[in-house]
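Asker: Need a 3D model of the sequence below.
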Amino acid sequence: MNVELSSRARKQLVRVPVHIARKFALWVDLVRVDGLETARMVPGFRDHALKGEWQGYRAIRLSDAYRAIYIVRDRRAIETVCVEEVNKHDY
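Answerer: The predicted model follows:
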């Protein structure tokens, strides 16, 4: 499965703490190698659907403060995980 990062997500990843960037990279590798369904089953990422203005998107928890927001799109008959943001979030 392909994983693409938006320009916003790339910029945000530069500013996050190193351990957050590493956990995100681990999730990306897991999605690429084992698929999104397997990554969703890992309890440490707490994959969940979003509501409100982000309805239709999903998020993973990278820590108590950080999350990554993504959506799955079909690009040329290939499912692609498009990461829109990696941000600090008030839970």
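
Asker: on contacts alone, who are the packing partners of the longest helix seen in the chain?
Answerer: Longest helix in the chain, counting residues (DSSP state H): helix 18-34. Contact here means 3 or more CB pairs under 8 Å, 6 or more residues apart in numbering; DSSP states H and E; on that basis helix 18-34 packs against strand 2-5, helix 36-40, strand 66-75, strand 78-88. Placement of C-beta: from N, CA and C, glycine included.

Asker: Beyond the second one, next helix or strand please.
Answerer: What it means is helix 36-40. Stepping forward along the backbone from helix 36-40, the first helix or strand reached (DSSP states H and E) is strand 48-49.

Asker: Can you name the secondary structure element that comes next after that following strand?
Answerer: Per DSSP H and E, strand 48-49 leads on to strand 58-61 as the next helix or strand towards the C-terminus.

Asker: Give me the angle between the longest helix of the chain and strand 78-88.
Answerer: With axes from the mean of the first three to the mean of the last three CA atoms, to 10 degrees as the criterion, the two stretches helix 18-34 and strand 78-88 enclose an angle of 170 degrees.

Asker: Next, the contact list for Gln12, please.
Answerer: Glu85, Val86, Asn87 (CB atoms under 8 Å, 6 or more residues apart in numbering).

Asker: With respect to Arg10, which of those residues is nearest?
Answerer: Proximity of these to Arg10 (CB to CB) peaks at Val86, which lies at 8.9 Å.

Asker: By neighbour count, which of the contacts of Gln12 wins?
Answerer: The residue in the contacts of Gln12 with the most neighbours, by other CB atoms under 10 Å, is Val86 (26 neighbours).

Asker: Please verify my assumption that it contacts Phe24.
Answerer: Yes. Counting by CB atoms under 8 Å, a contact exists between Val86 and Phe24, whose distance comes to 6.2 Å.

Asker: so what sits against both of those two?
Answerer: Counting by CB under 8 Å, 6+ apart, the residues touching both Val86 and Phe24 are Leu13, Val16, Leu62, Ala68.
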